[in-house]
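Novice: no sequence on this one, just coordinates:
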């Protein structure tokens, strides 16, 4: 198994998100996180994406299902909710568990959950590529 986690400029994501996971042509799990200029916040996103990706794989939820749902959600977004929290999300359970782990980790590495959420909400919209 090989997993690559990198921070990237926020506008370089495949679609409007702060964290993204996908398998490349060699089946390497690629995780991309928006550069937030704070390793702790970037690490929280990376941990979330890692947990979500591994749980999706374990439960037979493929990347294409997650990508299609996320991109469609972003097209019709009406608020600042997370696609993985939506009742129709094919990976709702995996997303919610990943968020729980992210939330447990945050205070342990000195990140205020509310301030972190505000930072993420204030990021500019990413244009879909």
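Specialist: Ah, there it is. It should be emphasised that the depicted structure is a prediction, and the values quoted were computed from it without experimental measurement. Numbers count the residues shown, from 1 in each chain.

Novice: and residue 100, which helix or strand is it part of?
Specialist: Secondary-structure assignment from DSSP states H and E places residue 100 in helix 92-108.

Novice: show me what the helix or strand just after that helix is packed against.
Specialist: Elements were assigned by DSSP H and E; along the chain past helix 92-108, the next helix or strand is helix 113-121. Contact analysis of helix 113-121 by 3 or more CB pairs under 8 Å, 6 or more residues apart in numbering; DSSP states H and E lists helix 39-58, helix 92-108 as its packing neighbours. All C-beta atoms are positioned from the backbone trio N, CA, C, and that covers glycine.

Novice: list the contacts of helix 113-121.
Specialist: Counting contacts by CB atoms under 8 Å, 6 or more residues apart in numbering, the residues outside helix 113-121 that touch it are 18, 36, 41, 44, 80, 103, 106-107.

Novice: please repeat the previous calculation with a cut-off of 10 Å.
Specialist: 18-19, 34, 36-38, 40-41, 44-45, 80, 82, 102-103, 106-107, 111-112 (CB atoms under 10 Å, 6 or more residues apart in numbering).

Novice: tell me the buried residues in the helix or strand bottoming out on mean pLDDT in the chain?
Specialist: Here the helix or strand of the chain ranked lowest by mean pLDDT, DSSP states H and E is helix 63-75, holding a mean of 90. Within helix 63-75, the residues that qualify as buried are 66, 69-70, 73, counting by 16 or more other CB atoms under 10 Å.
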